[in-house]
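1. Got a predicted model here, sequence first, then my questions.
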Amino acid sequence: MSAGDTQPTLPLEWTTAEEPRRRRAWPWLVAFAVVALLAAGAWFAGEAIARDLVVKTIRSQIITNLALPADQQIDVDVPGVIIPQLIGGSLDQVRVESQDVALGPFEGDISVEAFDVPIRGGGELQDATAVVRVDEAQLRSLMAGVDGFPADALGIDAPFVTASTEFDVFGAAVPVGVSLSPGATDGSLVLTPASLQVAGADVTADELRRQFGILSNAVLRDWPVCIAQYLPAGLVLRDITVEGDLLVAGFDIDGSIIDDPAMLENGTC
């Protein structure tokens, strides 16, 4: 090879490939967040609709079964998330409250608490109770139907129900007061004399008999009034006490009341 054939050595040109662009993740995150928000919104919307339906159904059933006025105010509370409970077939807990509920002459503020309430036929309540709180005017109205009881002079003074009357002795009116202990017997409220007063002085039952003879029989007696006849048979009167200025009646609720029509009929004493 001649000198003229020799070519100068040239440096090689290296081409560096561009790094691939990284795809930005934020559009996907935004999309995921939007989907999550939509799903959450749908869940809460469904929950609200389900809760409203359950509350309205319970309220409607109470009004129908107890023959209450259509505008009776009834507060229904179902704790917890509704949809899983509906899927499971029962409500974990239901609380119901209503004021001035009138069932015949028996009137008061009612509160009910029930657990494991089945939403399909064939089930029973596992545990349910009711409490009725009766004020002085409401108790007076109830006792007005008891023959011979001085309902107009009735009062509530914990732990007793009080009443007063007068004995006519040779034309003179002698005031007699009685403190009555409330109790529950076979579906009836029973008021039993606990203490007596004549003209403001405490006396015993024997002393009252000696002083007034047969007249004393007007106060020395129990005063029963059947409550069960105004309530569904599934409500069993358990106890009655006086708390403050209210007479408080506690009831156990038969678990079959939601599935047995006989339990919705009025009870007996």
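-> Structure's in. What do you need? Nothing here was measured: the structure is a model prediction, and the numbers come from that model.

2. pLDDT weak spots in the stretch 1-150 of the chain?
-> 1-44, 122 (pLDDT under 70).

3. quick one: the strands in it?
-> 75-77, 90-103, 106-118, 127-134 (DSSP state E, counting those that start in this stretch).

4. Now render those as CSV, adding mean neighbour count and distance to residue 156.
-> Heads up, the C-betas are built off the backbone N, CA and C, glycines and all. Output for these, formatted as CSV (neighbours: other Cβ atoms under 10 Å; distance: least, Cβ to Cβ, whole Å):
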stretch, mean neighbour count, distance to residue 156
strand 75-77, 14, 25
strand 90-103, 17, 17
strand 106-118, 19, 12
strand 127-134, 19, 9
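
5. Nearest to residue 62, out of the ones you listed?
-> Nearest to residue 62 among the strands of the stretch 1-150 of the chain is strand 90-103 (6.8 Å), distances taken as Cβ to Cβ.

6. And the helices in this protein?
-> 26-66, 82-88, 136-143, 205-212 (DSSP state H).

7. Report the buried residues of the second one.
-> By neighbour count with 16 or more other Cβ atoms under 10 Å, helix 82-88 contains the buried residues 82, 85.

8. ok so, going back, between the helices of the chain, which one is closest to residue 237.
-> Per Cβ to Cβ, nearest to residue 237 of these: helix 136-143, 13.5 Å.

9. Check which helices and strands that closest one is in contact with.
-> strand 106-118, strand 155-157, strand 223-226 (3 or more Cβ pairs under 8 Å, 6 or more residues apart in numbering; DSSP states H and E).

10. May I see the buried residues of that helix?
-> 136, 138, 139, 140, 141, 142, 143.

11. just the residues you listed now: which is nearest residue 91?
-> Of these, the one sitting nearest to residue 91 (Cβ to Cβ) turns out to be residue 138, at 30.6 Å.
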